[in-house]
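A.B. asks: Got a predicted model here, sequence first, then my questions.
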Amino acid sequence: MKKSLVFILACLIVLIVINSCSDSTEPKKQVATPIFSPAGGTYTETQEVTITCQTEGAVIKYTTDGTEPTESSLVYVTPIIVSTNTTLIAKGFKNGWDASQIATAVYTIEEDLPSETVATPTFDPPGGTYDAPQTVTITCTTEGATIRYTTDGTDPNEISPVYSDPIMIDGNTTIKARAYKTGWLESDIAVADYIIQTIADNLVFVEGGSFSPDGGNYLVTLSSYYIGKYEVTVAEYASVMGTNPSYWGYNPDRPVERVSWFNAIEYCNRLSMLEGLTPAYSYSTYGTDPDNWPSVWDTSNANHINVSCNWTANGYRLPTEMEWMFAAMGGNQTQGYFYSGSDNLNEVAWHLNNSSNRTHDVGTKAPNELLTYDMSGNVWELCWDISQENYPSGAYTNPTGPVSGLRRMKRGGCWRSSGYYCTVTYRGIELNATYIDNNLGFRVSRISP
């Protein structure tokens, strides 16, 4: 009997110990962290703040004095009116549960803060790379706003210059603008970077030298000069002339085509005037400004002999035929290639068998020894010279071609030419000054200072 009682007591002790251990290891649940609505932040008027807790049956306690809420703090019942800068701290409580994490919301009330923001200014034309100086206008869609701007890289402020008239940009410039209006927040800062890449940036220096175009009978000596690294592009032509004659529309980096010899002459003078250079060409007695030339100056092929060139002017002009050929050969660095830069036509030229029957962006084939591009293929290139079927005999310095004749020269072949016409030696001589075609373009040259 005693043994049975001892056994029963032992079992009871074991059960009590097991229950005690089980109760001590069971974790309590924690109340969810309270949530404020609206969230803390900066506001321009009084806010009505509600506090919620996702734990059903929880009691929310809060403070406004920066201390941590306890079970004796204020009980949240109704929305709290926040009319001044206030920090709300809340904590959730529930019997038998661990209290929640602390929730904090800081409210800044700035009733005098403007409620509207001035629109960000816009630039026309937008920032980018251009081939001629640009006249930039700045506008703001907020009526009555004042635009202030800088061009020195600093951010504009309320004492920066006021924008009133278009800004002339003739060099690399960054414009920053910001708009202001009384009672409104100032706009964001607008930034436009302008890169003015004139054609002068794309000229290659050709050191003077001597060569024989025909292998010995005609000896040519040239002074140093500059020639275009690329054929004149659609974008360059349009920026100067205001028109795009190209057959394939506006493809900015393709060579311009469907331009006549007369068009090229006018382009050179207008580009020179834009850059403050002395124009090379005059028409009859009308001077160098194409605006002063008679309206019919370029309508008849016979008028080409009325165009004269000042060979000492520092403005742009067409290369002479011998300048073109010397550069295409690689100048004094020539390796004697059949085409301009290679004996492999496909490496340096867009031609009949690889062009897909169209022009291509300039500079996408390999250059020649001087780092000029597309002097074989892409588009035929106009030269200054009046055409002559045969080279003269003898030695000449800086020859400019015959003084009379019916046509002008072209060189280099084009996108629809076979390799024979793309060589550095082939001469195209059948060109009227009014002639245009979608395979005819040009590059420019200038004298060396």
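C.D. replies: Looks like it came in fine.

A.B. asks: what ranges do the helices span in this structure?
C.D. replies: Using DSSP state H, the helices of the chain run over 2-25, 234-241, 261-274, 321-329, 345-348.

A.B. asks: Pick out the shakiest of these, pLDDT-wise.
C.D. replies: Note on the helices of the chain: lowest mean pLDDT is at helix 2-25, with a mean of 51.

A.B. asks: Excluding residues flanking it in the chain, which one is nearest Gly441?
C.D. replies: Val379 (3.7 Å; C-beta to C-beta, 6 or more residues apart in numbering). For the C-beta atoms, the positions are set from N, CA and C on the backbone; glycine is no exception.

A.B. asks: Enumerate every residue touching the one you found.
C.D. replies: Glu231, Pro255, Glu257, Thr359, Gly412, Cys414, Trp415, Asn439, Leu440, Gly441 (C-beta atoms under 8 Å, 6 or more residues apart in numbering).

A.B. asks: Trp324 versus that one, what's the distance?
C.D. replies: Distance from Val379 to Trp324, counting by C-beta to C-beta, to the nearest Å: 13 Å.

A.B. asks: Find residues that contact each of those two.
C.D. replies: Shared contacts of Val379 and Trp324 (C-beta under 8 Å, 6+ apart): Gly412.

A.B. asks: which sections of the chain are below the confidence cut-off?
C.D. replies: 1-27, 111-115, 131-132, 197-200 (pLDDT under 70).

A.B. asks: give me the beta-bridge partners of the most centrally placed residue in it?
C.D. replies: The chain has Gly128 as the residue nearest its centroid, 4.1 Å off, counting by C-alpha atoms, centre = their mean. Per DSSP bridges, the residues bridged to Gly128 are Tyr194.

A.B. asks: Turn the contacts of Val379 into CSV, columns for distance to Leu219.
C.D. replies: Putting the contacts of Val379 into CSV (distance: C-beta to C-beta, whole Å) gives the following:
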residue, distance to Leu219
Glu231, 29
Pro255, 32
Glu257, 34
Thr359, 36
Gly412, 23
Cys414, 30
Trp415, 34
Asn439, 32
Leu440, 30
Gly441, 30
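
A.B. asks: tell me which of these is nearest to Pro367?
C.D. replies: Each of those was scored against Pro367 by C-beta to C-beta, and Glu231 proved nearest at 12.6 Å.

A.B. asks: Now the closest one: closest residue in space that isn't a chain neighbour?
C.D. replies: The nearest residue in space to Glu231 (C-beta to C-beta, 6+ apart) is Pro255, at 3.8 Å.

A.B. asks: where's Gln366 relative to Ser210, distance?
C.D. replies: For residue 366 the amino acid is Ala, not Gln. 26 Å.

A.B. asks: of these two, who's got more company?
C.D. replies: Ala366 (15 against 12; other C-beta atoms under 10 Å).

A.B. asks: I figured that one hits Ser342, correct?
C.D. replies: Yes - Ala366 lies in contact with Ser342 (C-beta atoms under 8 Å); the separation is 6.5 Å.

A.B. asks: Overlap of the contact sets of the two?
C.D. replies: With C-beta under 8 Å, 6+ apart, Ala366 and Ser342 have common neighbours Val348.

A.B. asks: ok, back up a step: so the residue nearest to Glu231 sits against Val232, correct?
C.D. replies: Yes - contact criterion C-beta under 8 Å: Pro255 and Val232 qualify, at 6.7 Å.

A.B. asks: Please enumerate the shared neighbours of these two.
C.D. replies: By the contact definition C-beta under 8 Å, 6+ apart, Pro255 and Val232 are jointly contacted by Gly441.

A.B. asks: what sits against Gly57?
C.D. replies: Lys94.

A.B. asks: Could you measure from it over to Thr33?
C.D. replies: For Gly57, the distance to Thr33 equals 16 Å [C-beta to C-beta].

A.B. asks: Ala395: how many residues sit nearby?
C.D. replies: 12.

A.B. asks: Identify the residues contacting it.
C.D. replies: Leu219, Val220, Thr221.

A.B. asks: Return the members of those residues classed as buried.
C.D. replies: The neighbour-count test (16 or more other C-beta atoms under 10 Å) applied to the contacts of Ala395 identifies Val220 as buried.

A.B. asks: Return the closest of the contacts of Ala395 with respect to Ser355.
C.D. replies: Proximity of these to Ser355, judged by C-beta to C-beta, is greatest for Val220, which lies at 31.3 Å.

A.B. asks: Show me what that closest one bridges to in the sheet.
C.D. replies: Taking DSSP bridges as the rule, Val220 bridges to Phe211, Tyr396.

A.B. asks: Which residues are in contact with the closest residue to Thr84 other than its chain neighbours?
C.D. replies: Computed as C-beta to C-beta, 6+ apart, the closest residue to Thr84 that is not its neighbour in sequence is Ile109, at 5.8 Å. When contacts are counted by C-beta under 8 Å, 6+ apart, Ile109 touches Thr42, Tyr43, Thr44, Glu45, Thr46, Gln47, Val82, Ser83, Thr84, Asn85, Thr86.

A.B. asks: Look up which residues are beta-bridged to Ile109.
C.D. replies: Tyr43.

A.B. asks: Could you report the distance from it to Leu88?
C.D. replies: Distance, Ile109 to Leu88, using C-beta to C-beta: 13 Å.

A.B. asks: Pull up the overlap in contacts between those two.
C.D. replies: In contact with both Ile109 and Leu88: Val82, using C-beta under 8 Å, 6+ apart.
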